[in-house]
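S.K.: I would like the atomic coordinates for the input below:
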Amino acid sequence: MADMISMPNSTNVLIVGAGPSGLVAALSLLHHGYKDFVVVDAVEQGENTSRALVVHAATLEALDSIDCGEEIVAKGSKVRTFNISNRFSKLVCTNLSSLDKHTRRPYALMIPQNLTEYILGEKFKGYGVTVHRPCKVASLKMNENDDNLTDVTFENGKTITAKYVIGADGAHSVVRRMAGIGFTDPKTGEKGDRITNLNQMVLADIVYEGKDDNDLEFSSTMSPESFFLSIAMPNSFNDLLAKNGQEVEGQIYRIGAGVPLADGEIPHSPSKEYLQNLVDRFGPTTLSSDASVNPNSAAVRIKEVIWSTRFRTHSAIADKCFTRLGGDELQSATVGADDSTKHGGIILLIGDAAHIHSPAGGQGMNLGIRDAVFLGEVLIKHINASASQPSSVDADYMLREFAEERHKRALEVIAFTKNLLSVLGTPDKKISWLFPISATTVRDWVMWVGFKFSFMQAKMAWEMSGLGRR
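M.R.: Next up, the predicted model:
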């Protein structure tokens, strides 16, 4: 960690945010031999909670392209099958073997976000550079002497001047807000979002007692009122926690569950008792704490809660992820715009600063990392073109094309996660008075029949992997 005193007064590229997207953007620049950048983050210490958990094939391939994939793969757990059940029996078993012919990474890698950040941070330090913390952005304004530069001022009064400012500072991005960029739900579908059983959810990292820890498969459970998942974390997560002074004995699991709106608001940090109630109500009966319900005639209980959180599922996308601060509206992401007179420092958004959506399918961190990898290459091209061409020549088309492509990819992922969320969170209601059968019963039957066909399994594997929308 570097303090504010050691920060230079100017840099060509300022990266705001040192989560996965910000770190990968910096690593992508370093991979291409570029070091004239500064990375800042608002918090004193990074990688503090596990949050996102899955890294998919397309993201691993992108990380491979900047020599960052192997270290992450070495610390994660490779998952090749996904099981979806109701509370009593298995409905779907999706095998990822169909990806074998498309990628050298034909699996989903289970690795918590804080471990991913730690690995990326160590790689970053290996280049001899550090993150400046804590540096909370207070304002962005056009430089008085050069309107193609941006003065970024922090809460302590320190100012740094940059030609490029990359906002990788999350869903509540200060960079996005100060650049005047809107952030709204694209309302995929004519009627907008449906009310589902997953409008509010809980995530937690826990240790069970009474569970067979030899059974480490990825399992998810659909019920009339909710959706529940339980995923074994890699042992490397225990090692990271121990390194940070938190010794945890036993296999750690990530659990997640939708909480019906009728239950009221979820507590801020759900307790062990609250989480146990969700497991007993919505989890598979094999995890029930009631031995009379558990088919193994043994109670399984939550022994320890390491971390828990609540959230509401929603989606939003930035109006644009490339603009010039205070400049003309030439900064549209439209590729054909006339940019012969450029004004304002360049602002770029990646990761959650550019798009957010539900965690269905584990796509969020993946899309942000791919944004960052591809931005590094584009930014180097723009820097070189700007240096070698007269100012009258439009080099911004590169950034507009990048912004347009990433916006398109984000809309595709938002649509995918909304559709998946609506299926997994189907409310338990009758289809119509003509067909007095539960919608959840129909859903379960359709999935049970449909996923017996290999092409359906292959389609789902392809959609989850991200290989079709890098």
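
S.K.: now do the helices in the stretch 201-350 of the chain.
M.R.: 235-243, 272-282 (DSSP state H, counting those that start in this stretch).

S.K.: nearest to residue 185, of the ones you listed?
M.R.: helix 272-282 (26.7 Å; CB to CB). Yep, even glycine has a C-beta here, placed from its N, CA and C like the rest.

S.K.: who touches that closest one?
M.R.: 87, 202, 204, 206, 221, 223, 225-228, 255, 257-259, 267, 287-290, 293, 301-302, 304-305, 308 (CB atoms under 8 Å, 6 or more residues apart in numbering).

S.K.: among the helices of the stretch 201-350 of the chain, which is the most enclosed?
M.R.: Highest mean neighbour count of these: helix 272-282, a mean of 18 (counted as mean count of other CB atoms under 10 Å).

S.K.: show me how far it is from its chain's centre.
M.R.: Here helix 272-282 is found 26 Å from its chain centre; the criterion is CA atoms, centre = their mean, to the nearest Å.

S.K.: quick one: mean pLDDT over that helix.
M.R.: For helix 272-282, mean pLDDT rounds to 96.

S.K.: number the chain from 32, please
M.R.: Sure thing, new numbering starts at 32, so read that last one as helix 303-313.

S.K.: so where is the stretch 182-331 of the chain shaky, pLDDT-wise?
M.R.: Per-residue confidence for the stretch 182-331 of the chain (pLDDT under 70) gives these ranges: 219-226, 247.

S.K.: what segments of it are strands?
M.R.: 190-198, 214-215, 231-240, 249-253, 258-263, 283-289 (DSSP state E, counting those that start in this stretch).

S.K.: follow-up on the earlier one: just the buried ones from the contacts of helix 303-313?
M.R.: Among the contacts of helix 303-313, those buried by neighbour count (16 or more other CB atoms under 10 Å) are 118, 233, 235, 237, 252, 254, 256-259, 286, 288-290, 318-320, 332-333, 336, 339.

S.K.: which one, of the helices of the stretch 232-381 of the chain, ends up nearest to residue 378?
M.R.: Once the helices of the stretch 232-381 of the chain are compared by CB to CB, helix 266-274 is nearest, at 33.8 Å.

S.K.: can I get that closest one in CSV, CA atoms only?
M.R.: This file holds the C-alpha atoms of helix 266-274, laid out as CSV (Å, rounded to 0.1, in the frame of the first residue of the first chain):
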residue,chain,number,x,y,z
ASN,A,266,-9.3,-24.9,0.8
SER,A,267,-7.1,-22.0,-0.3
PHE,A,268,-9.9,-19.7,1.1
ASN,A,269,-9.2,-21.1,4.6
ASP,A,270,-5.5,-20.3,4.0
LEU,A,271,-6.3,-16.7,3.0
LEU,A,272,-8.5,-16.3,6.1
ALA,A,273,-5.7,-17.7,8.3
LYS,A,274,-3.2,-15.3,6.7
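
S.K.: report all helices and strands that it contacts.
M.R.: If contacts are counted by 3 or more CB pairs under 8 Å, 6 or more residues apart in numbering; DSSP states H and E, helix 266-274 sits against helix 144-157.

S.K.: hey, where'd the helices end up in the stretch 32-181 of the chain?
M.R.: 51-62, 88-95, 100-106, 144-157.

S.K.: quick check: mean pLDDT of the last one?
M.R.: Looking back up the chat, that one is helix 144-157. 95.

S.K.: likewise the third one?
M.R.: Helix 100-106 carries an average pLDDT of 97.

S.K.: that one packs against which elements?
M.R.: Short answer (3+ CB pairs under 8 Å, 6+ apart): helix 100-106 packs on helix 88-95, helix 144-157.

S.K.: list the buried residues in the longest one.
M.R.: Across helix 144-157, burial judged by 16+ other CB under 10 Å covers 144-152, 154-155.

S.K.: now distance to residue 280 too, for those residues, in JSON lines please.
M.R.: Below are the buried residues of helix 144-157 laid out as JSON lines (distance: CB to CB, whole Å):
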{"residue": "144", "distance to residue 280": "23"}
{"residue": "145", "distance to residue 280": "19"}
{"residue": "146", "distance to residue 280": "18"}
{"residue": "147", "distance to residue 280": "23"}
{"residue": "148", "distance to residue 280": "24"}
{"residue": "149", "distance to residue 280": "21"}
{"residue": "150", "distance to residue 280": "24"}
{"residue": "151", "distance to residue 280": "28"}
{"residue": "152", "distance to residue 280": "26"}
{"residue": "154", "distance to residue 280": "30"}
{"residue": "155", "distance to residue 280": "31"}
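
S.K.: what is the nearest of these to residue 474?
M.R.: residue 144 (30.2 Å).

S.K.: residue 488 versus the closest one, what's the distance?
M.R.: Counting by CB to CB, to the nearest Å, the gap from residue 144 to residue 488 is 28 Å.

S.K.: what are the boundaries of the strands in the stretch 332-481 of the chain?
M.R.: 332-343, 347-349, 353-355, 377-380, 386-387.

S.K.: strands paired with the shortest one, and their directions?
M.R.: Strands adjacent to strand 386-387 in the sheet, as given by DSSP bridges, are strand 347-349 (antiparallel).

S.K.: also the longest one?
M.R.: In the sheet containing strand 332-343, the strands it pairs with under DSSP bridges are strand 231-240 (antiparallel).

S.K.: the strand it pairs with: how far from the chain's middle?
M.R.: 18 Å.

S.K.: over to stretch 375-384?
M.R.: The answer for stretch 375-384 is 17 Å, by CA atoms, centre = their mean.

S.K.: if we can go back for a sec, now distance to residue 344 too, for the strands of the stretch 182-331 of the chain, in a markdown table please.
M.R.: Formatted as a markdown table, those follow (distance: least, CB to CB, whole Å):
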| stretch | distance to residue 344 |
| --- | --- |
| strand 190-198 | 23 |
| strand 214-215 | 16 |
| strand 231-240 | 6 |
| strand 249-253 | 16 |
| strand 258-263 | 11 |
| strand 283-289 | 9 |
